[in-house]
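Peer 1: task: produce atomic coordinates for the following.
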Amino acid sequence: MRALKLTSVTVLGVILTAACDNENYLLITTTCRALQNYFTLSSDDYSKCLSTEDYRQRLSSRRDAQWSENISDSHNRKLKMILPKRNAEIYVRISRVSELPLKTSVNFSGTGAERHVGEHYVIEGTLLDETNGPNKHSLVLYADADKDRKDPRVIATDALDAPQNTFINEHCWVNTARYSSSMCHGDIYISVQRQPNGFFIIHELDGAVFTPSSAATVLAIVTGQGLRP
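Peer 2: Below is the predicted model of the structure:
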């Protein structure tokens, strides 16, 4: 019986070791394929990536640094694209999303929410394009005053033009629910509007005055939070 138990433990150990080896191999091949696509590695370099951990790590670090620099530079070059088109003086400055007049993201027409249509607010915070399933995204505002990021608010983007929406899609996903990457952060301009179909009253993003991004801060998010280009 004791021999049977020892045999069972040995077999289990072999199975677990094999599973770990397979998982590690899958991680290595996935990493090297991504690096091959990013750098257009030669066959020899790809083989070296698979076989040499130090080389693989150096390629990964170089890729992350380059990508962080590129996306940060892109963010900073296109900042004017997202500026609000309305006069900034009509916006009332607030510090917390709880000060916005609508307490939910979507409000039916014909309710008390209608009296707020046309109001304008500006708040310092970060916009984050969050994924909620296949091809489903929500643009979420996190106010700077909400240090723990526990009180987000969904903001509609119907009022933005195509280039502005493209800017949001390209740059505002690198943040996380807890950490800001330094992109898509600054004064966020919001108005209370009817949705195009007229059935709902919502908070609309009118534009933003974003602060310049730091590539070093983006890189810290990319490496620390497991995000990868």
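Peer 1: show me where this protein has helices.
Peer 2: 2-39, 43-51, 53-77, 162-171, 215-224 (DSSP state H).
Peer 1: quick check, central residue of this protein?
Peer 2: Most central in the chain under Cα atoms, centre = their mean is residue 173, positioned 2.1 Å from the mean C-alpha point.
Peer 1: that one and residue 83, how far apart?
Peer 2: Separation of residue 173 from residue 83 (Cβ to Cβ, to the nearest Å): 21 Å. Where C-beta positions appear, they are placed from N, C-alpha and C, glycine not excepted.
Peer 1: skip the chain neighbours and tell me the closest residue to residue 126.
Peer 2: residue 185 (4.5 Å; Cβ to Cβ, 6 or more residues apart in numbering).
Peer 1: try residue 119
Peer 2: residue 192 (4.7 Å).
Peer 1: residue contacts, the one you found?
Peer 2: 101-102, 113, 116-120, 201-204 (Cβ atoms under 8 Å, 6 or more residues apart in numbering).
Peer 1: beta partners of it?
Peer 2: Note on residue 192: beta-bridge partners by DSSP bridges are residue 203.
Peer 1: closest to residue 93 out of the helices of the chain?
Peer 2: Across these, residue 93 has its closest neighbour in helix 162-171 (21.8 Å, Cβ to Cβ).
Peer 1: got the buried residues for that closest one?
Peer 2: Neighbour-count burial for helix 162-171 flags 164, 167-168, 171 (criterion: 16 or more other Cβ atoms under 10 Å).
Peer 1: quick one: it to helix 215-224, angle?
Peer 2: Interaxial angle, helix 162-171 versus helix 215-224 (axes from the mean of the first three to the mean of the last three Cα atoms, to 10 degrees): 50 degrees.
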